[in-house]
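Trainee: need a structure here:
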Amino acid sequence: MNGQDLGLPRRLALVVEPLPGEALMSWLNIMAAEHGGLTRLRTAQITGLLTGDERLHPQGKDSAPYYPHTAKIARMQAATALTEHQVTDMFWHRYRGTALHPFGPHWVEETTRFTLTEWWVDPTALRLCPRCVDESGGRWLLAWQLPWVFACLTHRCYLVGACPVCGRAFNAYYANPVHGAPHRRPPVNGVRQGPCDVLLWELPAVPVEDDELFALQQQLWDALHAPAEMRPEPFGLFQDLWAMASLALFAAHLDSLDGADSVVREAFADYCRTHEGAAGRRFTTGELRALPVLVHAAMVRTAARIVFAEDPLPAADAVAGLSRDPHSTAIVALRRAWTRRPLRGAIRHTTARVRTVMDAANYSGPGFAPSLQRRSPAATFTTDLDER
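Mentor: Residues are numbered from 1 along each chain as shown. A predicted model of the protein is given here:
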């Protein structure tokens, strides 16, 4: 029985091997360019990724490329001769147990975009290191689409998440950094936009001069790529950081960013200022998922000082002023946000290490008495999901 009888695609004569850690959409871009400028949809079909009426661009709660079915892996291997690891490594499943939930019945072979965004991961988000893009011919890493990666460790510069010409954030389903291919702006209100003529590999990159932030980025990178036997400890780390980053976004001020680069301080100040309201800072669900790169850096930097402190409670108090201003409207806004997605997923899975902070914030605000008495020493940083 031949490959055609099995429903397998024909073996391609020209196959570009994916880079270690490369994103699926990036690989499709370079494959399309090598095959004479095919559309990405057609490239996905000839490489065995898609069949029939399957769609390449997930919309709303439709399928997201989390992990491919066994049949899809077989089709891609037949068409490209890539190994199973090379195929599956381009999918979001590689971050299961670090940035994404390690367990649960909803983690099936194909999951939903909604399941990814519940853990602060937006599959459409994209941030780029211009120098890496230039050196690789227009390719990007899947890790660059995570909110935990905001700087390039190779070139020590901040990633770029928006085009300085058209002003729109990069989108993994529309951007095409391959040399000679201008990126296409995503549709606005259903209207397709024309291509932007900026060359993504020539974008200016801002150097990271903040040693504390650079060391934190290295630590987060190592945790994201931790071997399987170390999980689910990294998952607990990222959930604690997400909760404390949310606290920073709603309640922190510039004095929490002492020592940070000026671009980070300015970006955080401007973003918070534009979202100030009568009842505290207000953010839509979409804004919480798609924050600017430098705002991410400011939030995570502040969160790390709390999570890694000897006692997280006074460290959080210094950032959010829980004891100075227990009736802060920012705390009220944060408590409301914690009851809804996407924050609810992270809060539910925080570890014992930040539990005192969570309790103090929950009992702060108008009509509540602050609960900032010292409790037992903070637990050593471990994650015990079985207790839940």
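Trainee: show me the contacts for residue 216.
Mentor: 300, 301, 304 (Cβ atoms under 8 Å, 6 or more residues apart in numbering). For every residue, glycine as well, the C-beta is placed using N, CA and C.
Trainee: Tell me how far it lies from residue 164.
Mentor: Distance, residue 216 to residue 164, by Cβ to Cβ, to the nearest Å: 26 Å.
Trainee: Now for the closest residue to residue 232 other than its chain neighbours: which residues touch it?
Mentor: Nearest non-adjacent residue to residue 232, counting by Cβ to Cβ, 6 or more residues apart in numbering: residue 102, 4.3 Å away. Each residue near residue 102 by Cβ under 8 Å, 6+ apart is listed here: 96, 231, 232, 235, 385.
Trainee: Show me which of those residues are buried.
Mentor: 96, 231, 232, 235 (16 or more other Cβ atoms under 10 Å).
Trainee: Among those, which one sits closest to residue 131?
Mentor: Closest approach between the buried ones among the contacts of residue 102 and residue 131, by Cβ to Cβ: residue 96, at 29.8 Å.
Trainee: related to what we said a few turns ago, can you lay out the contacts of residue 102 as a markdown table showing secondary structure, distance to residue 317 and pLDDT?
Mentor: As requested, the contacts of residue 102 are exported to a markdown table (DSSP: H, G, I helix; E, B strand; the rest coil; distance: Cβ to Cβ, whole Å; pLDDT from 0 to 100):
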| residue | secondary structure | distance to residue 317 | pLDDT |
| --- | --- | --- | --- |
| 96 | strand | 34 | 88 |
| 231 | coil | 31 | 77 |
| 232 | coil | 28 | 76 |
| 235 | helix | 26 | 92 |
| 385 | helix | 28 | 35 |
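Trainee: all helices of the stretch 101-250 of the chain, in order?
Mentor: Counting by DSSP state H, counting those that start in this stretch, the segments of the stretch 101-250 of the chain that form helices are 113-117, 130-136, 211-224, 233-251.
Trainee: If I average pLDDT within each of those, which one is lowest?
Mentor: When the helices of the stretch 101-250 of the chain are compared on average pLDDT, helix 113-117 comes out lowest at a mean of 74.
Trainee: That helix packs against which elements?
Mentor: Helices and strands touching helix 113-117, by 3 or more Cβ pairs under 8 Å, 6 or more residues apart in numbering; DSSP states H and E, are strand 63-64.
Trainee: pLDDT of the strand it packs on, averaged?
Mentor: On average, strand 63-64 scores 68.
Trainee: Nearest residue to residue 157 in space, please, no chain neighbours.
Mentor: Residue nearest to residue 157 in three dimensions, not counting chain neighbours: residue 205, with 3.9 Å by Cβ to Cβ, 6+ apart.
Trainee: same deal with residue 41?
Mentor: Among residues not flanking residue 41 along the chain, residue 56 sits closest, at 5.0 Å (Cβ to Cβ, 6+ apart).
Trainee: can you confirm that neighbour is in a helix?
Mentor: No: looking at residue 56 with DSSP: H, G, I helix; E, B strand; the rest coil, it is coil, so not inside a helix.
Trainee: wait, what's in contact with it?
Mentor: Residue 56 touches 40, 41, 44, 50, 173, counting by Cβ under 8 Å, 6+ apart.
Trainee: tell me the phi and psi of residue 278?
Mentor: The phi/psi pair for residue 278 (degrees, to the nearest 10) reads phi -60, psi -30.
Trainee: Over to residue 337?
Mentor: Torsion angles, degrees, to the nearest 10, at residue 337: phi -70, psi -40.
Trainee: count of residues packed around it?
Mentor: Residue 337: 22 surrounding residues under other Cβ atoms under 10 Å.
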